[in-house]
Every structure is written in C-alpha cells, then in structure tokens.
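J.: output the structure for:
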Amino acid sequence: VHLTHVTMNGSGTPRSIYEMIMAGKPPTSSQYSYEKAMHRDVPLEDENPLSLGMLTRTSLPYFQTWYPSAGPTEVPQDYGWLTNSCGGKAAIGVFGGGVMGLLMGVFLGAMSDATPPVTVIGGKEVPQAPLKEQMKLTLRATAEKSIFWCRNFAFITGVFSGSECLVEKYRGKHDIFNPVISGCITGAALQAKQGPQAAAIGCGGFAAFSLVIDTFMGHY
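T.: Numbers count the residues shown, from 1 in each chain. Next up is the predicted model:
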C-alpha cells in the first residue's frame, strides 16, 4: 500500500491521528446538522431550552483528549491474595480490632475520668491536685484503658477472622456454621487461662453471639 499524501506537523514529522482530529474545528450548535450529530433528524418546534430539539442541538458529540491507560503489558496490582488467604484475613482483623479498641479506650477513658470525685473529710472538701497533675493522671488512665481494649479487640477479631477462614476451607462450605464454630474457638481461646469451665462458657457465649449476629444481619 502506497500513501499518496502525508500530513506534516510544525516539526516536519507526520502528524498522528489524534493531532489530525484535534486540528479540525469541533462541531457547535451553530453548525448543527443531524448528519454530523449522527442521529435522525429532530425538528425544532420551539425555542424552549428544555425541548427535545434544543437539547439535541446543544448535545453534539465533541472530541475528548486522549489519556494513556494501562495496556495488556501494564496489569494493575492485584491485592486479592491479602483477602483470600487466612493469614491476610487474620492480619486485617488484628489491625481493625486494634484500631477499634484504641478508639473505645479513648472514649471510655475520657468519660470515666472527666469528673474526678471530690473527697470530703470532716465536712470539708480536700483540696484537689493541680490541673497539670490531674491531666497526667487522666492521660495515663486513658492510655491504660486504650491499650487494654486494643489488645483484647485485636485478639478477638484476629482469632475470629483467621479461624473462620480455616474452618470454611476445611469444611468446604460457606454457611452459618462457620462463624458459629469460629466464635466458639475465639471464646475458648479468650478464656483459656481461666480454666476448662471458663473456656467452655466462653465458647458457648461467643458461638451464640455469632449465631444471633449473623442471623440478624442476614449474611447467610
């Protein structure tokens, strides 16, 4: 195939298709024709800007700037392995539970230490500690509660997410029994240091809680 005519740009090199398209004058409403707009003829009945004819004339196709996108050799990053593996689910559960526990600890610490009690001896109020010392005590108590709740929530969510994934893969089913079993495992692990009886009570309590929550939320 021989090219009889090649359009050059200012630098003397052949122009690309994009440059040739953008060099042309885009169609406007004053240049309207239904052939240019690539649709059937719509008669202009009145000057109402919301009429079909006016909307057609003000909605001509226009050229859009081309932007590069990912091609076949530029595959975007796939993070599905993080949510498909049991280790990834457990890690996400630990992180989410830790953040939730920190927030709850800050809230509970601020609420419980907002109004320190006033000690009365012999009908007289004992002088309060300086404001700076009160602030230190409040911050220390809030930090301790935040760490406590963060540790507990991270443990619960991490064990629950990881065990549910393992149970689902072992059983090969996706039903309501998976969270019930993982709830039992989580409750037993949480109370394991208190002895077998406490572990059994924790297993039953967490299993029942998981059953109620999943039944109410309608996950299965």
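J.: which helix or strand in the protein has the lowest average pLDDT?
T.: Ranked by mean pLDDT, DSSP states H and E, the weakest helix or strand in the chain is strand 120-121, scoring a mean of 55.
J.: select the longest helix from this structure.
T.: Selection of the longest helix in the chain by residue count, based on DSSP state H, yields helix 131-171.
J.: quick one: average pLDDT of it?
T.: What helix 131-171 shows for mean pLDDT is 87.
J.: ok and the helix or strand following that helix relative to helix 131-171, angle-wise?
T.: Once helix 131-171 ends, the next helix or strand along the chain (criterion: DSSP states H and E) is helix 177-190. Relative orientation of helix 177-190 versus helix 131-171 (axes from the mean of the first three to the mean of the last three CA atoms, to 10 degrees): 130 degrees.
J.: which other helices and strands does helix 177-190 contact?
T.: Judged by 3 or more CB pairs under 8 Å, 6 or more residues apart in numbering; DSSP states H and E, the packing partners of helix 177-190 are helix 131-171, helix 196-217. For glycine as for every other residue, the C-beta is placed from the backbone atoms N, C-alpha and C.
J.: pretty sure residue 109 contacts residue 147?
T.: No. The criterion here is CB atoms under 8 Å, and residue 109 misses it with residue 147 at 10.3 Å.
J.: leaving out sequence neighbours, find the closest residue to residue 181.
T.: Distance criterion CB to CB, 6 or more residues apart in numbering; nearest residue to residue 181, sequence neighbours excluded, is residue 167 at 4.9 Å.
J.: correction: residue 211
T.: Of all residues not flanking residue 211 in the chain, residue 180 sits nearest, at 5.2 Å (CB to CB, 6+ apart).
J.: which regions of this structure lie under the pLDDT threshold?
T.: Filtered on pLDDT under 70, the chain yields the residue ranges 1-45, 53, 56-76, 112-129, 219-220.
J.: what do you get if the cut-off is 80, keeping everything else the same?
T.: Applying pLDDT under 80 to the chain flags the ranges 1-83, 109-138, 218-220.
J.: how close does residue 176 sit to residue 187?
T.: 17 Å (CB to CB, to the nearest Å).
J.: quick one: which of the two has more around it?
T.: The neighbour comparison of residue 176 against residue 187 (other CB atoms under 10 Å) goes to residue 187, with 26 against 14.
J.: pull the contacting residues for the more buried one.
T.: By CB atoms under 8 Å, 6 or more residues apart in numbering, the residues touching residue 187 are 199, 201-207.
J.: at 6 Å what do you get?
T.: 202-203, 205-206 (CB atoms under 6 Å, 6 or more residues apart in numbering).
J.: circling back to that earlier point, who has more neighbours out of residue 109 and residue 147?
T.: Neighbour count, other CB under 10 Å: between residue 109 and residue 147, residue 109 has more, with 21 against 14.
J.: state the distance from that one to residue 140.
T.: For residue 109, the distance to residue 140 equals 9 Å [CB to CB].
J.: the residue nearest to residue 211 reaches residue 212, doesn't it?
T.: No. Contact between residue 180 and residue 212 fails when scored by CB atoms under 6 Å: they sit 10.1 Å apart.
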